[in-house]
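Visitor: Just the structure for this:
(2 chains)
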Protein chains: 2
Amino acid sequence: MNPQQQLEQRGQFRITVFEEEYFQGKSCEFTFECQNILERDFRKIRSIKVENGPWVGYEYPEFQGQQFILEKGDYPRYQAWSGNSSYRTEHMLSFKPIKCANHSDSKITLYECEDFMGRKFEMCDDYPSLQAMGWCSKEVPSIKVNSGSWVGYQFPGYRGYQYIFERDRRQGEYRCYNEYGTQAHTNQIQSMRRIQQ
Amino acid sequence: MNPQQQLEQRGQFRITVFEEEYFQGKSCEFTFECQNILERDFRKIRSIKVENGPWVGYEYPEFQGQQFILEKGDYPRYQAWSGNSSYRTEHMLSFKPIKCANHSDSKITLYECEDFMGRKFEMCDDYPSLQAMGWCSKEVPSIKVNSGSWVGYQFPGYRGYQYIFERDRRQGEYRCYNEYGTQAHTNQIQSMRRIQQ
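Guide: Got it, this is the predicted structure:
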């Protein structure tokens, strides 16, 4: 067992999912990742309590589709975690812990072009509007995570599609938008923030 | 003309609202507050470009109802600014600039009870989960803004109902939840962040 698995064993990560809204109906607690909630005889996840996080939820089994950041707290309805309310997915069928989140030591570099080319900008803080910070575009073509883990959003103010960027995944290197997530159709990212433990 | 009005005059604040999604149809640019967009012969606001912010939008005329934080960037559909997707309001009928936002110098104090009683917690940073930070409740009964302006959210991760807290409004003092906003029915606040210029 490696140190990260030991952390999980000690309850460093803990999430409870419920089949009905407002923490009703059948429930199941997890301290490890879940590849497919349907295999646990769940029909659907309609509410969530995160006792210790952060976690990332996915629309489809095996960590595919839309991504949803889940930090400590109560999520009584799917609207509390789903970012893109125009595409009314109620699915969250797999989830796993985010192990490298570090709210006080997080650094990320944004690049003007794909493959880490062009001008770059280093960030250590949360930015609800990248354009207000000085980023001239609504798009972010490539990204390197130097430390911690981050979430980027399609719209300003942390709204719309969510993309989780982790130092410990892909060595923190995201060369083009189709590496951001399986549902990414553009590189539009207008806000970005650190993920909290 | 006071200094703040001079700032507005110089285009410090600038927002363009559109009657159709994706910045189509009739549009109107504002550098001052708008008490009621219906009086400008608009039927509805369906998309927004914020050239210089921040602004706060309101569900109803005269700054009533749900609040929506609007920082610099593009909002092509109402889902990009509306926080509570279960209550499917498309209305944003009034809006005004937030004059005291200061992303790098913001401080707020949360209190365990109404009227600034009980234990307190001072914050200078963004917290996507107040509970992860150590706040033991899902509720925040009273709030003092020491500097800058802030937005609190019903759910973790900056989702759900939004409440704007400004140093320059009510002298920064919010003694109970019905001072948070005209739509506030509870004091549930699970995440909170600074507002960016």
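
Visitor: Show residues contacting stretch A:155-162.
Guide: If you take Cβ atoms under 8 Å, 6 or more residues apart in numbering or on different chains as the criterion, stretch A:155-162 is touched by A:66-69, A:83-84, A:128-129, A:131, A:151-154, A:181, A:183-184, A:190-191, A:193, B:50, B:69-75, B:79-81, B:83, B:157-158. No exception for glycine: its C-beta is placed from N, CA and C like everyone else's.

Visitor: Which of those residues fall in strands?
Guide: Among these, the members found in strands (DSSP state E) are A:66-69, A:151-154, A:191, A:193, B:50, B:69-70, B:73-75.

Visitor: count of neighbours near the residue nearest to A:Thr186 when sequence neighbours are not counted?
Guide: Distance criterion Cβ to Cβ, 6 or more residues apart in numbering or on different chains; nearest residue to A:Thr186, sequence neighbours excluded, is A:Tyr177 at 6.4 Å. Residues lying near A:Tyr177 (other Cβ atoms under 10 Å in any protein chain shown) number 20.

Visitor: Close to chain B: what parts of chain A are there?
Guide: Residues of chain A found near chain B (Cβ under 8 Å from any Cβ of the partner chain) are A:50, A:53, A:69-75, A:77, A:79-86, A:126-133, A:138, A:154-160, A:190-191, A:193, A:195-197.

Visitor: Just the buried residues of those residues.
Guide: Among the residues of chain A next to chain B, those buried by neighbour count (16 or more other Cβ atoms under 10 Å in any protein chain shown) are A:50, A:53, A:69-75, A:77, A:79-85, A:126-133, A:138, A:154-160, A:190-191, A:193, A:195-197.

Visitor: Now do the helices in chain A.
Guide: For chain A, helices defined by DSSP state H occupy the ranges A:3-9, A:130-133.

Visitor: Could you tell me the least trusted of the ones you listed?
Guide: Mean pLDDT is lowest for helix A:3-9 among the helices of chain A, at a mean of 50.

Visitor: Hmm, A:Arg175 is touching A:Cys113, no?
Guide: No: between A:Arg175 and A:Cys113 there is no contact under Cβ atoms under 8 Å: 10.3 Å.

Visitor: Between these two, tell me which one has more neighbours.
Guide: When A:Arg175 and A:Cys113 are compared for neighbours, A:Arg175 comes out ahead with 17 against 12, by other Cβ under 10 Å.

Visitor: residues in contact with the more buried one?
Guide: If you count contacts by Cβ under 8 Å, 6+ apart, A:Arg175 has them with A:114-116, A:142.

Visitor: Buried among the residues you listed? Make that a PyMOL selection.
Guide: Here is the PyMOL command that selects the buried residues among the contacts of A:Arg175 (16+ other Cβ under 10 Å):
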select buried, chain A and resi 116+142
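
Visitor: got the contact list for A:Trp81?
Guide: So A:Trp81 contacts A:48, A:57, A:68-70, A:75, A:92, B:155, B:157, B:159 (Cβ under 8 Å, 6+ apart).

Visitor: re the thing from before, now the residue nearest to A:Thr186: how far from B:Gln67?
Guide: 32 Å (Cβ to Cβ, to the nearest Å).

Visitor: Same check on A:Phe121?
Guide: Counting by Cβ to Cβ - A:Phe121 and B:Gln67 are separated by 30 Å.

Visitor: go on, A:Ile69?
Guide: 23 Å.

Visitor: just A:Phe68 next, same as before
Guide: 24 Å.

Visitor: Just the pLDDT for A:Cys28.
Guide: 96.

Visitor: Show me how the record splits chain A into domains.
Guide: Split into domains by automatic domain parsing, chain A comes to A:3-97, A:107-194.

Visitor: now chain A, which segments are flagged as low pLDDT?
Guide: Along chain A, segments meeting pLDDT under 70 span A:1-11, A:83-90.

Visitor: Do you have the strands of chain A handy? List them.
Guide: A:14-20, A:24-30, A:47-52, A:55-60, A:64-70, A:73-75, A:94-97, A:107-113, A:117-123, A:142-147, A:149-155, A:159-166, A:173-174, A:191-194.
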